[in-house]
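>>> structure of the sequence below:
(one chain, ligands or ions: 1)
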Amino acid sequence: MSKQRVLSGMRPSGKLHLGNLVGALENWKNLQEDYDCFFFAADWHALTTEYNGTEIIQESIREMMIDWLSVGLSPEKSVLFVQSRIKEHAELHLLLSMITPLSWLERVPSYKEQQQELTNRDLSTYGFLGYPLLQTADIIIYKAHKVPVGIDQVPHVELSREITRRFNFIYGPVFPPPEPLLTEVPRLLGIDGRKMSKSYENAIYIADSPQEIRNKVGQMFTDPNRIKRNDPGNPDICNVFAFHQVYSSAATVEQVQVDCRRAAIGCVEDKKMLAENIVAYLSPIHEKRRGYLQNPGLVNEVLENGCQRARAVASRTMEEVRAAMKINY
Ligand code: TRP
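Okay, the predicted model is just below:
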């Protein structure tokens, strides 16, 4: 039996952080073993909100790709590509827009939320409203079965299912309805205890040097009730402990948990241990990073090859779409 297809995209936001790594990339890396995977840089999606600052997008794609490759996304196992280089996404987006009721787009939760949140730019644009429809085109043009996404993106995949159903009903069956693939992932907060995010300046980056990692881990918030060295701590509410659970051995996790509760280890010492474990974890990744940085042509080659493979699939689907819609004249 042939493998099911997985597809996911990420906006090119430059260097990726440990939240991206545990939240998405580690999962994508594992999916490569069991699925036929397509992963892409969603650069047109970046334009929906960053249309005023487009000059950073190209470099952001590059940095993101270097991180993808360094953490183990493999150009042999997966198709790695850039959205805007496959013009068929735009054609399908346009055709789907003809059958998409406005109300379906207006009720997508991220539409109103982001308009309220990102008040420093005008998001009352056609492109921003249509963003989840472009996402639908991204997914179904590859006939993906599973879409690994975070919980915030599930309504977008649901919309894709509804559009798929409507298309198949009007023009005949072309697309399998895609399903979100939600995986339990550990939740790592930024060093200030808020969601880890580039815009909060609280992120630990995959590319951070050992010294930067030691500095940042040293600044991390711990159990707020543990003020003095002799106060017993509660690892369950400590972000440093959450990181230990990802980056330290089972034995260390157990030891830290016991020692923290009886104040046998202080936060400073605890963080030093954690920092070294993160540094060790990232060391082979940094090694691969250096390889890609020294050989910039390699990333171009990977993308050239990935785009070719993606384009072959997308253009075949578009032939089917035009035939089903009787516009293949
Ligand atoms: N909207 C996604 C995000 O902002 C990125 C994305 C674009 C995507 N197209 C996609 C994710 C298709 C999954 C499938 O994170």
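>>> what helix or strand is the closest residue to residue 265 other than its chain neighbours located in?
With sequence-adjacent residues excluded and distances taken as CB to CB, 6 or more residues apart in numbering, residue 265 is closest to residue 259, at 3.9 Å. (C-beta placed from N, C-alpha, C; glycine too.) Residue 259 belongs to helix 250-261 when assigned by DSSP states H and E.
>>> swap in residue 122?
Using DSSP H and E, residue 122 falls outside every helix and strand.
>>> ok, now the one 10 residues further on?
In this structure, residue 132 is located in helix 126-140 according to DSSP H and E.
>>> ramachandran coordinates for residue 180?
Torsion angles at residue 180 (phi, psi; degrees, to the nearest 10) stand at phi -70, psi 150.
>>> how about it, what does it touch?
By CB atoms under 8 Å, 6 or more residues apart in numbering, the residues touching residue 180 are 146, 147, 148, 149, 153, 154, 157, 158.
>>> at 10 Å instead, please
Residue 180 is in contact with 146-151, 153-158, 160-161, counting by CB atoms under 10 Å, 6 or more residues apart in numbering.
>>> only C-alpha atoms, please: export the worst-scoring helix or strand of the chain on mean pLDDT in CSV.
Across the helices and strands of the chain, mean confidence by mean pLDDT, DSSP states H and E is lowest for helix 109-117: a mean of 86. The C-alpha coordinates for helix 109-117 follow below in CSV (Å, rounded to 0.1, in the frame of the first residue of the first chain):
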residue,chain,number,x,y,z
PRO,A,109,-11.6,32.8,14.2
SER,A,110,-8.1,34.0,13.3
TYR,A,111,-9.5,36.6,10.9
LYS,A,112,-11.1,38.8,13.6
GLU,A,113,-8.5,37.9,16.3
GLN,A,114,-5.5,38.9,14.2
GLN,A,115,-7.2,42.0,13.0
GLN,A,116,-7.7,43.0,16.6
GLU,A,117,-4.2,42.0,17.7
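>>> thinking again about what came up before, quick check: the residue nearest to residue 265 touching residue 269?
Yes: counting by CB atoms under 10 Å, residue 269 is a contact partner of residue 259 at 9.2 Å.
>>> quick revisit: by neighbour count, which of the contacts of residue 180 wins?
Within these, residue 160 tops the neighbour count with 26 neighbours, counted by other CB atoms under 10 Å.
>>> ok, it to residue 106 distance?
16 Å (CB to CB, to the nearest Å).
>>> is it true that residue 214 touches residue 273?
No: the criterion here is CB under 10 Å, and residue 214 misses it with residue 273 at 11.2 Å.
>>> could you check the pLDDT of the residue lying closest to residue 256 once chain neighbours are set aside?
Distances taken as CB to CB, 6+ apart place residue 244 nearest to residue 256, at 5.6 Å, with adjacent residues excluded. The per-residue pLDDT reported for residue 244 equals 98.
>>> which SS class is residue 244?
helix (DSSP: H, G, I helix; E, B strand; the rest coil).
>>> can you pull the contacts of it?
Going by CB under 10 Å, 6+ apart, the list of residues near residue 244 reads 235, 238, 252-257, 260, 270-271, 273-274, 277-278.
>>> which among these end up buried?
Buried residues within the contacts of residue 244, defined by neighbour count using 16 or more other CB atoms under 10 Å: 235, 238, 252-253, 255-257, 260, 270-271, 273-274, 277-278.
>>> quick one on the thing from earlier: what pLDDT does the model give the residue nearest to residue 265?
For residue 259, the predicted pLDDT is 97.
>>> need the contact list for it.
Here residue 259 is in contact with 232, 233, 235, 265, 266, 269, 270 (CB under 10 Å, 6+ apart).
>>> my guess is the fourth one is in a strand, correct?
So that's residue 265. No: counting by three-state DSSP, residue 265 is not part of a strand but coil.
>>> for residue 9, give its distance to residue 79.
On the measure of CB to CB, residue 9 and residue 79 end up 12 Å apart.
>>> shared neighbours of these two, which are they?
38, 39, 40.
>>> show me what secondary structure element comes after the host helix or strand of the second one.
By that I understand residue 39. Residue 39 is part of strand 36-41 when elements are defined by DSSP H and E. As assigned by DSSP H and E, the chain's next helix or strand after strand 36-41 is helix 43-50.
>>> could you list every helix and strand that that following helix packs against?
strand 5-10, helix 57-71, helix 88-97, helix 126-140 (3 or more CB pairs under 10 Å, 6 or more residues apart in numbering; DSSP states H and E).
>>> looking at that helix now, give me its mean pLDDT.
Rounded mean pLDDT across helix 43-50 is 92.
>>> ok, and what's touching that helix?
9-13, 42, 53-54, 56-58, 60-61, 64, 82-85, 89-90, 93, 114, 118, 121, 123, 125-132, 134-135, 137-138.
>>> go again with 7 Å.
For helix 43-50, the surrounding residues in contact (CB atoms under 7 Å, 6 or more residues apart in numbering) are 11-12, 54, 57, 61, 82-84, 118, 121, 123, 127-128, 131, 134.
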